[in-house]
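Colleague: Pasting the sequence and the predicted coordinates here, then a few questions.
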Amino acid sequence: MSVETRKETLGFQTEVKQLLHLMIHSLYSNKEIFLRELISNASDAADKLRFEALAKPELLEGGAELKIRVSFDKDAKTVTLEDNGVGMSREDVIAHLGTIAKSGTADFLKNLSGDQKKDSHLIGQFGVGFYSAFIVADKVEVFTRRAGQPASEGVLWSSRGEGEFEVENIDKAERGTRIVLHLKEGEEEFADGWRLRNIIKKYSDHIALPIELPKEHHGDEEKPAETEWETVNRASALWTRPRTEVKDEEYQEFYKHVAHDYENPLAWSHNKVEGKLEYTSLLYVPARAPFDLYQREAPKGLKLYVQRVFIMDQADQFLPLYLRFIKGVIDSNDLSLNVSREILQSGPVVDSMKSALTKRVLDMLEKLAKGEPEQYKSFWKHFGQVLKEGPAEDFANREKIAGLLRFASTSDESGEPSVSLADYVSRLKEGQDKLYYLTGESYAQVKNSPHLEVFRKKGIEVLLLTDRIDEWLMSYLTEFDGKHFVDVARGDLDLGKLDSEEDKKAQEEVAKTKEGLVERLKAALGEQVAEVRVSHRLTDSPAILAIGEADLGLQMRQILEASGQKVPDSKPIFEFNPTHPLIEKLDREPDEDRFGELSHILFDQAALAAGDSLKDPASYVRRLNKLLVELSA
C-alpha cells in the first residue's frame, strides 16, 4: 500500500471514549459553544503559522492573509469550518485527535460528578474543545495539510465518535484544516447563516482574525457564480481596543478563548503602558483552579504577542511562579521579533515588565478583596495555598502579599480562613506588640490545643494555620505592620506587657518551688527531652511539648520526611502545669519507678495533643493499661 493512500482504522485512547460518551449524551447544556471551540482552535493554528513563518517565510506558500471560513449546506445537513493556519501532518492528526494530550485526564474522569453543569466546567479545565463537535454531529471529517509539506501529504481524519477513527492520506492543495460536521438528526438549526452569524458574534467577535460567512443575497439580487464572503466579527485584537469600548461580556468571552475555560473569570485588568516601555496587558483571575495547579512544571504563563504577532503560548517569564494561575495576554513593542525562550528569560525589559505586571495582579487581588469579599473568599479557596508561596519568592512584595493572605483564628468559630492580617492587627490587645499564631494538621487539632489555654484566659486572639505550607510560609513572613510573628508552641513564651508584674513575680516564685520536680522529671524522661520547665501557657492541661526556637516544627518535619530528606534530630521541651491535680499527685509520688511510668504517660499524651505520632505506641498502651488496672482494683 503506497504512502499516498495509506488508510488505517485506529482506536481512541480509553479516556477519549469516555469523554465522547459524555459529549454525545449532551453534557453541555449549551450546544452552540462547539463553534466557539472550533474557531478558537483555528485561531491558534493561525497564530502558530504566523510564529513559524517568522523564521521560515516559505511556510506561508504565497498566502499571508490568514482567515477562518464557516459555511453550511442545508440539504446535506453539514457545517464546514476552514482555516489556512499551520495545519497538521499525519502524525499530528493521530496524536491530537486520537488522544487527549494531558496528563491529568484520569483526574478529570475521576472528578466527574454526574451533574451536567458541574461536569461541563470540568471539561473546560482539561482543554478538550475539539471533541465538542460531537455534541451536534454524528460524523466529523477533518481534511488537513501541514504548512510546508507537499499537496500529496494531505490527511483525512474521520470518526463517528464511537470508539475508533480512520486516517488516510489525500491530496490537499491548500495548507490548513477543513472540518466538516455532519449534523445529527434534530440539530439542523445550525445549518443556517443567521444562526451561525449570531453564534460567531456572541462568542468569537474578539478573535483577531477575520471569520467569514458566505454573503447572503436577498430578493432579486443575482447570485454570483463564485461564493462571496463577508467578515462577521470585528477581527481586531480585543486588547488593542480602548477599555471604554469593550463590554464586560466581550472581556469574559475573550477569557474563555485564552484560558480554554467555560466559566467567567473572577476579575480582570486591562492596561496600556506608554513611555520608556510600551506594552499592553490583559490579565485575568480564573474562577477555579486547574487540575495541574500544584504541578510546578505544568505549562503556565501568558500568551505573548509582539506588535500583535503571536510569539508563544506560555510565556512564564512575565509573572512569578506564585502567580502561575493568572491567564491573559501581553503584547509588547519592545521585545525583538527574533526572540527565543533563552533571550526572553532575563534582561532589563523583561524584568521591568515582570515587576510591573506582578504589582498589577496584586493590586487587582487587593481590589477584589476589598470590593467583593465573597468573590475573594472563592478565590482564596482555590488559589490561597499558591499565593502563600509568595513571601518566599517575592521579597519586594512581601508586605503586599501578606495583606492578601487569609487565616482561621480563635476569634471566629467557623474555622474558615477569613481573617486578614489587617483585621487581626486592628483587634490587638492594649500592650500587645506581637502577632501570635499556631500551626497544626487540622483546625480541630489547633483549636483544641493546650498551647492556646493562656491566650483564651487573657482574651488574646491567635491565628490558626493548618495548610501543609504554613510553617514554611511563616519562616519567610516574619513580620507585618512592623510587628513580629510568634509561634505560640515555640520557645519560652513571653507575653511581654500582656503579663502584669504580679503575674511575672508569681510565675518566678512557683518555678522556684518546683525545682525539685523539674529535676525528677528530667531524670525520668532522660534523652526524650531537651529541657523540662514550669509552664506559663497552661490553665487546664497537665503538660505540653514546646519546640526549641531553632528547631523544625512538626509540619516541616513531616514534609521533609515525606520527600525522603533527612531531618535533623531535635528534642522537645516538656512543660508542666504546676497547679494541675495530676502534676500535684505526681509530685507527691514516692516510688521512682511509678513516677517514671506516669511521667512517660504524660509525655506521650502531650505529644498526641501536639498532633505528633508516638515513637513507641505499644509502651504507651502498656503503661496506660497498667494504670487503669491499678485504678479499678
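Modeller: Everything's here; your move.

Colleague: Quick check: buried residues in stretch 563-576?
Modeller: Residues P572, I573, F574, E575, F576 are the ones in stretch 563-576 that count as buried (16 or more other CB atoms under 10 Å). Placement of C-beta: from N, CA and C, glycine included.

Colleague: Give me the contact list for it.
Modeller: 517, 521, 525, 527-535, 537-538, 542-548, 551-552, 557, 560-561, 583, 602-603, 606-607, 610 (CB atoms under 8 Å, 6 or more residues apart in numbering).

Colleague: Tell me how far L304 lies from A64.
Modeller: 21 Å (CB to CB, to the nearest Å).

Colleague: between these two, which one's more packed in?
Modeller: L304 (23 against 11; other CB atoms under 10 Å).

Colleague: contacting residues around that one?
Modeller: F310, I311, M312, A315, F318, V329, I330, D331, S332, L335, L344.

Colleague: Please apply the same query to H536.
Modeller: V454, L493, L495, D499, Q507 are the contacts of H536 under CB under 8 Å, 6+ apart.

Colleague: all strands of the stretch 451-600 of the chain, in order?
Modeller: Using DSSP state E, counting those that start in this stretch, the strands of the stretch 451-600 of the chain run over 463-465, 479-480, 483-487, 531-534, 543-546, 573-576.

Colleague: Report the secondary structure element holding S158.
Modeller: strand 154-159 (DSSP states H and E).

Colleague: following that strand, which helix or strand shows up next?
Modeller: strand 164-170.

Colleague: Would you mind checking the average pLDDT for that next one?
Modeller: Averaged over strand 164-170, pLDDT sits at 91.

Colleague: Tell me which stretches of the stretch 301-450 of the chain form strands.
Modeller: According to DSSP E, counting those that start in this stretch, the strands that the stretch 301-450 of the chain contains are 302-306, 309-315, 327-332, 408-409, 434-439.

Colleague: partners of the first one, with directions?
Modeller: Same thing as strand 302-306. Strand pairing for strand 302-306, determined by DSSP bridges: strand 309-315 (antiparallel), strand 327-332 (parallel).

Colleague: quick one, which of those strands is nearest to D92?
Modeller: Nearest of those to D92, taken as CB to CB: strand 309-315 at 15.9 Å.

Colleague: List the buried residues of that closest one.
Modeller: Applying 16+ other CB under 10 Å to strand 309-315 flags F310, I311, M312, A315 as buried.

Colleague: Can you add pLDDT and distance to F51 and give the residues you listed back as TSV?
Modeller: Listed next are the buried residues of strand 309-315 as TSV, based on pLDDT from 0 to 100; distance: CB to CB, whole Å:
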residue	pLDDT	distance to F51
F310	73	5
I311	74	6
M312	77	7
A315	81	12
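
Colleague: from those, which two are the most distant?
Modeller: Among the buried residues of strand 309-315, F310 and A315 lie farthest apart (CB to CB), at 10.7 Å.

Colleague: what sits in contact with each of those two?
Modeller: Residues touching both F310 and A315 (CB under 8 Å, 6+ apart): K303, L304.

Colleague: average model confidence for stretch 72-87?
Modeller: The pLDDT scores in stretch 72-87 average 96.

Colleague: continuing past whichever strand or helix holds F51, what's the next helix or strand?
Modeller: Using DSSP H and E, F51 maps to helix 33-55. The first helix or strand that comes after helix 33-55 along the chain, using DSSP H and E, is strand 68-73.

Colleague: tilt between that following strand and helix 33-55?
Modeller: Interaxial angle, strand 68-73 versus helix 33-55 (axes from the mean of the first three to the mean of the last three CA atoms, to 10 degrees): 140 degrees.

Colleague: Packing partners of strand 68-73?
Modeller: helix 33-55, strand 78-83, helix 193-203, strand 211-214 (3 or more CB pairs under 8 Å, 6 or more residues apart in numbering; DSSP states H and E).

Colleague: Export those as JSON lines, with columns for distance to S632 and mean neighbour count.
Modeller: Formatted as JSON lines, those follow (distance: least, CB to CB, whole Å; neighbours: other CB atoms under 10 Å):
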{"stretch": "helix 33-55", "distance to S632": "70", "mean neighbour count": "21"}
{"stretch": "strand 78-83", "distance to S632": "81", "mean neighbour count": "22"}
{"stretch": "helix 193-203", "distance to S632": "75", "mean neighbour count": "17"}
{"stretch": "strand 211-214", "distance to S632": "84", "mean neighbour count": "21"}
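
Colleague: Would you tell me which of those gets closest to A444?
Modeller: Judging those by CB to CB, what sits closest to A444 is helix 33-55, at 43.2 Å.

Colleague: Grab the nearest non-local neighbour of L538.
Modeller: Nearest non-adjacent residue to L538, counting by CB to CB, 6 or more residues apart in numbering: N577, 3.8 Å away.

Colleague: so what's that neighbour up against?
Modeller: S535, L538, T539, D540, S541, P542, A543, I583.

Colleague: Apply 10 Å and report the result again.
Modeller: Residues near N577 by CB atoms under 10 Å, 6 or more residues apart in numbering: 450, 453, 534-544, 583-584.

Colleague: looking at these, which has the most residues close by?
Modeller: Going by other CB under 10 Å, S535 tops the contacts of N577 with 28 neighbours.

Colleague: so what's the nearest residue to it once chain neighbours are set aside bridging to?
Modeller: Nearest non-adjacent residue to S535, counting by CB to CB, 6+ apart: E575, 3.5 Å away. Beta-bridge pairing for E575 (DSSP bridges): R533, I544.

Colleague: how close does E575 get to I544?
Modeller: From E575 over to I544 (counting by CB to CB), the distance is 5 Å.

Colleague: what residues are shared contacts of those two?
Modeller: P450, H451, S535, R537, L538, A606.

Colleague: Using TSV, please lay out the residues you listed together with pLDDT.
Modeller: As requested, these are arranged in TSV below (pLDDT from 0 to 100):
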residue	pLDDT
P450	88
H451	88
S535	85
R537	83
L538	85
A606	86
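
Colleague: Could you point out which of those residues is nearest to Y443?
Modeller: H451 (14.5 Å).

Colleague: quick one: contacts for that closest one?
Modeller: H451 touches 436, 438, 440, 462, 487-490, 493, 535, 537-538, 541, 544-546, 575, 609-610, counting by CB under 10 Å, 6+ apart.

Colleague: Distance-wise, check it relative to Q445.
Modeller: Going from H451 to Q445 by CB to CB gives 11 Å.

Colleague: Quick check: neighbours shared by these two?
Modeller: L438, A609, A610.

Colleague: what does the model give the first one for pLDDT?
Modeller: When you say that, I think you mean L438. So, for L438, pLDDT stands at 91.

Colleague: what about the helices in the stretch 201-350 of the chain?
Modeller: Secondary structure of the stretch 201-350 of the chain (DSSP state H, counting those that start in this stretch): helices at 248-259, 341-344, 348-371.

Colleague: Which neighbouring elements make contact with the last one?
Modeller: Using 3 or more CB pairs under 10 Å, 6 or more residues apart in numbering; DSSP states H and E as the contact criterion, the elements in contact with helix 348-371 are strand 267-273, strand 279-285, strand 327-332, helix 373-387, helix 398-404.
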